[in-house]
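K.L.:
Structure, please.
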Amino acid sequence: MSRIGKLPIKIDNGVTVSIEGSCVKVKGPQGELSKTFDPCVSITQQDQAIVVTPKNDERFTLAMHGTVRAIIANMVKGVQTHFSKDLEIKGVGFKAAVSGNVLDLALGCSHPIKYKIPAGVSVQVKDNTQIHVEGADSHLVGQVAAHIKRFRKIEPYKGRGVRIIGEYVQHKEGKKKA
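P.N.:
This is a model prediction of the structure:
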């Protein structure tokens, strides 16, 4: 049995949880999230906690036990305080700007890249090179940051591209003259 899955999820004040079969809806001061899970685990609410238990001892069920518990815990945390990722753009002439729900990126391509920001995520740009991605759904925030990062991966010689702040990139040594 999963060590993480055994732990109950504490529900703080200001957060309401409704469970209908395998669908969990969480509402809090920062937003509302809902997700449907595989029916191989049972999700119950006891007092001010949510408990996830496996229905059988199959390998898939045991794997889903901890996964479902972690996702629900992230949902409860996300509606209280938003998840965020900070990205940094490095390179001459590389910049970003937000207009409405579109992120405009100039990353050295022959054309500007226009990325449509999905609902539930907010993106702010500081100093044309700092991108702040924020939202209640941790999966969606990470996915948006990964999409933005994929437009221009870090180049290992000079370090140009889009990186998550705090990410380590190993630099390579360039050619040497004989």
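K.L.:
How is this protein divided into domains?
P.N.:
3-80, 83-164 (automatic domain parsing).
K.L.:
Quick one, which of those domains gets closest to Gly174.
P.N.:
Proximity to Gly174 (C-beta to C-beta) singles out domain 83-164 among those, at 5.7 Å. Where C-beta positions appear, they are placed from N, C-alpha and C, glycine not excepted.
K.L.:
re earlier: make CSV out of the domains of the chain and add mean neighbour count.
P.N.:
Below are the domains of the chain laid out as CSV (neighbours: other C-beta atoms under 10 Å):
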stretch, mean neighbour count
domain 3-80, 16
domain 83-164, 16
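K.L.:
Quick one: end-to-end distance for stretch 128-144.
P.N.:
Using C-alpha to C-alpha, to the nearest Å, one end of stretch 128-144 lies 18 Å from the other.
K.L.:
Looking at it now, give me its mean pLDDT.
P.N.:
Averaging pLDDT along stretch 128-144 gives 94.
K.L.:
circling back: and the domains of the chain as CSV, adding distance to His171?
P.N.:
As requested, the domains of the chain are arranged in CSV below (distance: least, C-beta to C-beta, whole Å):
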stretch, distance to His171
domain 3-80, 34
domain 83-164, 6
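K.L.:
C-alpha coordinates for the longest strand along the chain, PDB please?
P.N.:
Counting by DSSP state E, the longest strand found in the chain is strand 83-90. The C-alpha coordinates for strand 83-90 follow below in PDB (Å, rounded to 0.1, in the frame of the first residue of the first chain):
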ATOM      1  CA  PHE A  83       0.800  27.400  -8.100                       C
ATOM      2  CA  SER A  84       3.400  29.400 -10.100                       C
ATOM      3  CA  LYS A  85       6.400  28.900 -12.300                       C
ATOM      4  CA  ASP A  86       8.800  31.600 -13.300                       C
ATOM      5  CA  LEU A  87      10.600  31.500 -16.600                       C
ATOM      6  CA  GLU A  88      13.500  33.600 -17.900                       C
ATOM      7  CA  ILE A  89      14.400  34.400 -21.500                       C
ATOM      8  CA  LYS A  90      18.100  34.800 -22.400                       C
END
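K.L.:
Strand partners (parallel or antiparallel) of it?
P.N.:
Next to strand 83-90 in the sheet, as set by DSSP bridges, lie strand 130-135 (antiparallel), strand 161-164 (antiparallel).
K.L.:
Next, the angle from the longest helix along the chain to strand 83-90.
P.N.:
Secondary structure assigned by DSSP state H gives helix 59-80 as the longest helix of the chain. Angle of helix 59-80 versus strand 83-90, following axes from the mean of the first three to the mean of the last three C-alpha atoms, to 10 degrees, is 80 degrees.
K.L.:
Good, we can wrap up now.
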